[in-house]
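J.: below: sequence and its predicted model.
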Amino acid sequence: MKHFSAPGTEIYWDQAIYEREMATIYGSAWLFVGHDTMIPNAGDFITNYMGNDPVIVVRDRSNAPRVYLNRCRHRGNKVCLHDSGSTKSFRCSYHGWTYGLGGELAAVPLLDKAYDADFPRDELGLVSAARVTTYHGMIFATWSADGPSLDDYLGEDLRWYLETFVFDDPEGLEVLPGRHRYVVPGNWKMLSENFGGDMYHFASTHASIVMLGRAGQADRIQANNDLRGADTTFYSVECKGDRNIPHGLVQLTCGTGTNTAELSQAATISPDAVAWVRARHERRRRLLGDRPSEAVAFHTGTIWPNLSMNGFGAAFYARTFLQWQPRGPEETDAWQWAFVEKSAPPEVKERMAFVLTQRQSAAGLVAPDDMDNFQRMHDVLHTARAGKLAFNYDLGAKGEASLIPGLPGTVMEAVSERYHRSFYEYWDSVMDESRR
């Protein structure tokens, strides 16, 4: 492979580049905005962001999810001021313009007395996302009326992994109440690339957990994502699909003998937990079909551009989605939700939530290590000398062929920066289109 020409570090701090990202990358991508279980009934809503644009995600009277720009068409005030709730309409607190669940402008104070008869009321509803699609309960939206469908955007390869290891529960996923939010000093791309392809950092960044494991203390930190069996190997996976959109997975586990540890843990919880784990293993075997390698799970991944996943490797680790919300070029607002499999017994759901909280959470054993690194990177990002030095992404440059051709995507060595290279090559191609 030729030497990768890494982008300059200005892509992590330059305001003009950031603004172009918001217009091009976030203006065209499919973005996660919520989950069906967050808005189960008509009138239920949550608020989110699509890039730096605030949006309302609401279930309308026909039970369809709708996504609106959270901005009154009169003076631009937000019309929804809460993280979540249930309502019959959205009313601007400034002048009282009111909008229905379908986005229509339902009421304007003094409409008959102060406005002309030809006031364009029908044209002044809430601005709607161009397309909204639900995929296994996950709600995605895009500002672009053109471009690929969500299925094409995700690609056949990534969808196989998602449907085999993420959305395989017959009853689906459900979100637990609340979310973690914390501010990360650093650009959103640093976090997305890390979760999509960086197995390299684990031994150094999370050395304390590694040391505890070596000292025989793994049970004390509930290391339930260790699926290493008698004959297992870890890989990373690049899922670019036909459209070259960079989605990545980390710690794909392939091999045999991984069921024993989970069944042993289940036995300490309840007979129902044992039965559920056995059913889960059997379901995944059926989904794998005649694939040439016994893929067990993956642990972490990124769906381009800013939705990451963690905890999909083990039965007793709650599944978490993390959304990296851009807040200018040098700050990211991290939003994290905990999901559990609906079919799991209550005691298993409780264990899942505990393990996630203890590990990949705002105050867990893993996440703070990562955030400290991003803080230190940010501290010397564009100083007089350091700002002139590009990052290096040459790791894993040997060979481009998939190590397991029968599995979807490009399966590569666990430790590689191939995903990072694809991430920035695609980023550059989208940004380059905006320059033309």
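T.: Now that the structure is in, tell me what you want to look at. Residues are numbered from 1 along each chain as shown.

J.: okay, how far is it across stretch 81-99, tip to tip?
T.: 14 Å (CA to CA, to the nearest Å).

J.: which SSE is residue 428 in?
T.: helix 418-435 (DSSP states H and E).

J.: how about that helix: buried residues?
T.: Neighbour-count burial for helix 418-435 flags 418-424, 426-427, 430-431 (criterion: 16 or more other CB atoms under 10 Å). Placement of C-beta: from N, CA and C, glycine included.

J.: identify the residues contacting the residue nearest to residue 61 when sequence neighbours are not counted.
T.: Among residues not flanking residue 61 along the chain, residue 42 sits closest, at 5.2 Å (CB to CB, 6 or more residues apart in numbering). Residues in contact with residue 42 (CB atoms under 8 Å, 6 or more residues apart in numbering) are 59-63, 101.

J.: may I ask which two of these are separated the most?
T.: Based on CB to CB, the longest span within the contacts of residue 42 runs between 63 and 101 and measures 10.5 Å.

J.: dig out what residue 238 forms beta bridges with.
T.: Note on residue 238: beta-bridge partners by DSSP bridges are residue 248, residue 410.

J.: neighbours of it, how many?
T.: If you count neighbours by other CB atoms under 10 Å, residue 238 ends up with 24.

J.: again, but for residue 205
T.: 17.

J.: assign a three-state SS to the closest residue to it other than its chain neighbours, would you?
T.: Nearest residue to residue 205 in three dimensions, chain neighbours excluded: residue 369, at 4.9 Å (CB to CB, 6+ apart). Assigned by DSSP: H, G, I helix; E, B strand; the rest coil, the conformation of residue 369 is helix.

J.: correct me if wrong: residue 369 contacts residue 210.
T.: No: using CB atoms under 8 Å, residue 369 is not in contact with residue 210; the gap is 11.0 Å.

J.: who's more crowded, these two?
T.: Set residue 369 next to residue 210 and count neighbours by other CB under 10 Å: residue 369 wins out with 17 against 13.

J.: from residue 299, how far out is that one?
T.: 16 Å (CB to CB, to the nearest Å).

J.: so where's the stretch 101-250 of the chain shaky on pLDDT?
T.: With pLDDT under 70 as the threshold, the stretch 101-250 of the chain has low-confidence stretches at 212-231.

J.: go again with 50.
T.: Applying pLDDT under 50 to the stretch 101-250 of the chain flags residues 217-225, 230.

J.: strands of that one, residue ranges please.
T.: 105-107, 131-135, 138-142, 173-175, 180-185, 231-239, 247-256 (DSSP state E, counting those that start in this stretch).

J.: for residue 119, which of these is the nearest?
T.: strand 105-107 (9.8 Å).

J.: who does the closest one pair up with?
T.: Assessed with DSSP bridges, strand 105-107 is paired to strand 98-100 (antiparallel).

J.: now residue 195. Nearest residue, chain neighbours left out?
T.: Counting by CB to CB, 6+ apart, the residue nearest residue 195 is residue 308, at 3.7 Å.

J.: just checking the distance from the helix or strand harbouring the one you found to the centre of its chain.
T.: Assigned by DSSP H and E, residue 308 belongs to strand 307-310. Counting by CA atoms, centre = their mean, to the nearest Å, strand 307-310 is centred 4 Å from the centre of its parent chain.

J.: quick one: the residue nearest to residue 61 from residue 65, how far?
T.: From residue 42 to residue 65 the distance is 11 Å (CB to CB).

J.: what score does the residue nearest the centre of the chain have for pLDDT?
T.: The residue lying closest to the centre of the chain (CA atoms, centre = their mean) is residue 307, at 2.2 Å. You'll see residue 307 listed with a pLDDT of 98.

J.: give the contact list for it.
T.: Per CB under 8 Å, 6+ apart, neighbours of residue 307: 31-32, 321-324.

J.: so who does residue 252 touch?
T.: So residue 252 contacts 234-237, 295, 297-298, 411 (CB under 8 Å, 6+ apart).

J.: for residue 182, same thing?
T.: 333-334, 362, 371.

J.: do that again at 7 Å, thanks
T.: The contact partners of residue 182, taken as CB atoms under 7 Å, 6 or more residues apart in numbering, are 334, 362.

J.: so what's it bridging to?
T.: Here residue 182, judged by DSSP bridges, has bridge partners residue 334.

J.: in strands only, show me the contacts of residue 307.
T.: 31-32, 321-324 (DSSP state E).

J.: out of these, which is most surrounded?
T.: Neighbour-wise, these (other CB under 10 Å) top out at residue 31, 26 neighbours.

J.: which residue is the nearest non-sequential neighbour of it?
T.: Nearest one to residue 31, counting by CB to CB, 6+ apart, is residue 50 at 4.9 Å.

J.: how many residues are close by the one you found?
T.: Residue 50 has 25 nearby residues by other CB under 10 Å.

J.: select, from the ones in strands among the contacts of residue 307, the two members most distant in space.
T.: Taking CB to CB as the measure, the ones in strands among the contacts of residue 307 span a maximum distance of 13.7 Å, between 31 and 322.

J.: which residues do residue 42 and residue 65 both contact?
T.: residue 59.

J.: so which residue of the chain lies furthest out from the middle?
T.: residue 113 (48.8 Å).

J.: what sits against that one?
T.: Counted by CB under 7 Å, 6+ apart, residue 113 has zero contacts.

J.: could you measure it against residue 68, distance?
T.: Applying CB to CB to residue 113 and residue 68 gives a distance of 28 Å.

J.: for residue 111, same thing?
T.: Taking CB to CB, one finds residue 111 at 21 Å from residue 68.

J.: more neighbours: those two, which one.
T.: residue 68 (24 against 12).

J.: give me the element residue 286 is part of.
T.: helix 271-288.

J.: mean confidence (pLDDT) on that helix, please.
T.: 91.

J.: give the next helix or strand downstream of it.
T.: Later in the chain than helix 271-288, the nearest helix or strand by DSSP H and E is strand 295-297.

J.: same for that next one, what does it pack against?
T.: Contacts defined by 3 or more CB pairs under 7 Å, 6 or more residues apart in numbering; DSSP states H and E place strand 295-297 against strand 247-256.
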